[in-house]
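Student: coords please:
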Amino acid sequence: MELKFDEKGLICAIAQDASSGEVLMQAYMNREAFELTLSTGYAHYWSRSRKKLWKKGEESGHLQKVEGVYLDCDRDCVLLKVKQMGAACHTGNYTCFYTPVKEDGIGVEMLGKLERIVDDRKRNPEEGSYTSYLFEKGIDKIAKKTGEEAVELVIASKNDNKDEIVGECADLLYHTLVLLRAKGVTLKDVCTELNERHQ
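Tutor: Numbering: from 1, shown residues only. Down below sits the predicted model:
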């Protein structure tokens, strides 16, 4: 597959969280970085400032495990769908795109962010955290709460109150994410199933 590198032998590369769809960072690749990414399964880039090849996370441990590689229609930009380990940005933020210029609302990537928080509370319990409390109580408590929230959403929809519906749906989605994590299921697993049904 022929890539269109620029006059400096580089091609733009965008890393995207494979689960949430969040755009994590933008960098550049030369041909060697692209080929290493494909052969190793981990993102490699070309540093224009240091003029050297680098593996993302080689010093910080914040590796990017590549789950998919796509080219745009002009073949002059690469999209990497990755599993990000730690923060993508050198500032410590999960994504480099954390500075809003204009916002038009929050999208479905919020579910991916929430999934990461839930996962962190499971691995690193925090005192006073409701999520940690649910994991401590176990699947019976989590399943009961998820069922209660589902019923409350049904009741809110029958009451025809939009604010109630939004609130109860948010509660249900949150508890569903906790339940999924408790059973070792990811949003990606669910989205894969939905995609297979759609085809």
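Student: from here on, contacts and neighbour counts on C-alpha atoms
Tutor: Fine.
Student: So which residue of this structure lies furthest out from the middle?
Tutor: Distance from the C-alpha centroid of the chain, by CA atoms, centre = their mean, peaks at Asn159 (34.5 Å).
Student: How many neighbouring residues does Lys122 have?
Tutor: Burial of Lys122 is recorded as 19 neighbouring residues (other CA atoms under 10 Å).
Student: Which element, helix or strand, includes it?
Tutor: Using DSSP states H and E, Lys122 sits in helix 109-123.
Student: With Arg50 instead?
Tutor: Secondary-structure element containing Arg50, defined by DSSP H and E: none, the residue being outside all helices and strands.
Student: Next, it: phi, psi?
Tutor: In terms of degrees, to the nearest 10, the main-chain angles of Arg50 are phi -90, psi -10.
Student: Can you give me the neighbour number for it?
Tutor: The local packing of Arg50 (other CA under 10 Å) involves 8 other residues.
Student: Report pLDDT for it.
Tutor: The model reports Arg50 with a pLDDT of 93.
Student: What of Met1?
Tutor: So Met1 comes in at 66 (pLDDT).
Student: same check, this time on Thr192
Tutor: The predicted structure scores Thr192 at 85 on the pLDDT scale.
Student: next one: Thr99
Tutor: The predicted local distance difference test score for Thr99 is 89.
Student: can you check Cys169 too?
Tutor: According to the prediction, Cys169 has pLDDT 96.
Student: thinking again about what came up before, just want the phi and psi numbers for the residue farthest from the centre of the chain.
Tutor: For Asn159, the backbone dihedrals are phi -80, psi -10 (criterion: degrees, to the nearest 10).
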